[in-house]
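**Student:** I'll drop the sequence and a predicted model, then ask my questions.
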Amino acid sequence: MTTATTTTASPASPVSETTAPASPEAEIATARERIDALDAEIIALVRERMAVSATVQEARIAGGGRRVHLSREMEILTRFRTELGGHGTTLAMTLLELSRGRV
Ligand SMILES: C=C(O[C@@H]1C=C(C(=O)O)C=C[C@H]1O)C(=O)O
C-alpha cells in the first residue's frame, strides 16, 4: 500500500534561506555578470533586428517601393513609448536608424 506524501509549499523568496548573505562586492559582481550577459543578448537581438529589417526594405525596394514606411515606424515608436515612456521613443528612433539608416 502506498502512502500519500504531503508537500509543503515553501514561501516565495528570491534568496535561499540556507545561503549566507553575499557581501556587497559579491552581489555587485554577480549582478554585473548578469548585466553583461543581458547586454550580449540585447546586442545579438539588435543585430538580428537589423538583418530582418534589411530583408523587408530590400523586398519593398525590389517591388518598386521606398525604403522607409512612415506609418509602420509610427506604430513602432508608439509601442516603445507606451512600454518605456519618453526614453522608449529615443530607443526606438535609434533602433530605426540602425535598421534603415538616417532619413
Ligand atoms: C522593416 C521595414 O522597413 C523600414 C524599417 C523599419 C524597421 O526597421 O522597423 C520600419 C519601417 C520602415 O521604415 C518595414 O516596413 O517593416
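**Tutor:** Thanks, I have it. In this text the structure is predicted, and so the values were computed from the model without any measurement.
**Student:** quick check: phi and psi on the nearest residue to L91 once chain neighbours are set aside?
**Tutor:** Spatial nearest neighbour of L91, excluding adjacent residues (CB to CB, 6 or more residues apart in numbering): F80 at 5.8 Å. Backbone N, C-alpha and C define where each C-beta goes, glycine included. Main-chain dihedrals, F80, degrees, to the nearest 10: phi -70, psi -40.
**Student:** verify the contact between F80 and A92 for me.
**Tutor:** Yes - with contact defined as CB atoms under 8 Å, F80 and A92 form a contacting pair (3.7 Å).
**Student:** show me what contacts L95?
**Tutor:** 46, 49, 76 (CB atoms under 8 Å, 6 or more residues apart in numbering).
**Student:** R102 in helix, strand or coil?
**Tutor:** Here R102 is recorded as coil under DSSP: H, G, I helix; E, B strand; the rest coil.
**Student:** repeat for G65
**Tutor:** Assignment for G65 (three-state DSSP): coil.
**Student:** about what we covered before: how close does the residue nearest to L91 sit to the ligand?
**Tutor:** Separation of F80 from the ligand (CB to the nearest ligand atom, to the nearest Å): 11 Å.
**Student:** G65 and S53, how far apart?
**Tutor:** Note on G65: its distance to S53, by CB to CB, to the nearest Å, is 14 Å.
**Student:** now R67
**Tutor:** Going from R67 to S53 by CB to CB gives 10 Å.
**Student:** what touches both of the two?
**Tutor:** Going by CB under 8 Å, 6+ apart, residues that sit against R67 and also against S53 are R100.
**Student:** picking that back up, what is the burial count for the residue nearest to L91?
**Tutor:** Neighbours of F80 under the rule other CB atoms under 10 Å: 20.
**Student:** all further residue positions should be reported with the first residue as 602.
**Tutor:** Noted, 602 is the first residue going forward, which turns the last one into F681.
**Student:** hang on, the earlier thing: in terms of neighbours, single out the busier of G666 and S654.
**Tutor:** A count of neighbours by other CB under 10 Å puts S654 above the other of G666 and S654, at 16 against 11.
**Student:** what about the more buried one, helix or strand, and which?
**Tutor:** helix 625-663 (DSSP states H and E).
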